[in-house]
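**Student:** Following is a predicted model, sequence given first.
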Amino acid sequence: MRVTGGEQGGLRLKSPTGTQTRPMSDRLKLALFSMLIADDQPRGRVLDLFAGTGALGIEALSRGGEHAVFVEQHAGMAGIIRDNLAHTKLNGRATVHKQPVSTFLAHAPEPGFDLILMDPPYADPEIAATVCAVGERGLLSGDGLLVLGHTSRRVFEERIGPLQLDRKRCHGDSCVSFYRLAASEVWDLNPAP
């Protein structure tokens, strides 16, 4: 596993042995970030939920994100994220939270992330509820983008809470769905003077 582009492109990232995580493949990650660059992303503040090795958030930082917040509940994986940030010399632009995503969301973190990356375990039954909570808590900026990694066997609604499906791309069994705030929600965030 490596950083596929940007200022740290080509650097290898540490990953655990075994099957405790399922990091997004370099091929899918490269395709994802090619789509994001076409969409003027990544930029600004990045939130990497279910961060695993931190590969997605690190890729976003390498490609122009200003600061990334990583949320991972497993202590060993949070340690790997810190190691990968140090190895890529991006640790000064990152914060790592070792806690479940639900706990992080319950403590009302700062709103206004420009890019939210979610690559949860495929079998997690709470994925849609977590996406909804992210939207309802105002974590996404008005023109921000939430990217959800999931299996092609899992179908999500086009509208999840205040978020609207923008597009979906699949490579084999792995898919990424792009959600934005629905137009009515953006209007509520930017009231007329």
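**Tutor:** Cool, got the structure.

**Student:** Output the below-cut-off pLDDT ranges for this structure.
**Tutor:** 18-22, 108, 185-193 (pLDDT under 70).

**Student:** longest strand of it?
**Tutor:** In the chain, with assignment by DSSP state E, the single longest strand is strand 140-151.

**Student:** just how off-centre is that one within its chain?
**Tutor:** Its chain's C-alpha centre and that of strand 140-151 lie 7 Å apart, by Cα atoms, centre = their mean, to the nearest Å.

**Student:** Give me the sheet partners of it and which way each runs.
**Tutor:** Sheet pairing here is set by DSSP bridges, and for strand 140-151 it gives strand 113-118 (parallel), strand 174-181 (antiparallel).

**Student:** Next, format these as a markdown table and append distance to residue 140 and mean neighbour count.
**Tutor:** Glycine gets a C-beta too; all of them are placed from N, C-alpha and C. Below are the strands paired with strand 140-151 laid out as a markdown table (distance: least, Cβ to Cβ, whole Å; neighbours: other Cβ atoms under 10 Å):
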| stretch | distance to residue 140 | mean neighbour count |
| --- | --- | --- |
| strand 113-118 | 6 | 25 |
| strand 174-181 | 6 | 22 |
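
**Student:** With distance to residue 11 added, can I get these in JSON lines?
**Tutor:** Shown next, in JSON lines, are the strands paired with strand 140-151 (distance: least, Cβ to Cβ, whole Å):
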{"stretch": "strand 113-118", "distance to residue 11": "19"}
{"stretch": "strand 174-181", "distance to residue 11": "23"}
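
**Student:** Select, out of the ones you listed, the one closest to residue 8.
**Tutor:** Closest approach to residue 8 among these (Cβ to Cβ): strand 113-118, 16.4 Å.

**Student:** Residues in contact with the next helix or strand after the closest one: which ones?
**Tutor:** Past strand 113-118, further along toward the C-terminus, the next helix or strand under DSSP states H and E is helix 127-136. Outside helix 127-136, the residues that touch it by Cβ atoms under 8 Å, 6 or more residues apart in numbering are 49, 101-102, 105, 116, 118, 120, 124, 140, 146, 148, 150, 154, 156-157, 160-163, 179, 181, 185.

**Student:** can you rerun that using 6 Å?
**Tutor:** 105, 120, 156, 160-163 (Cβ atoms under 6 Å, 6 or more residues apart in numbering).
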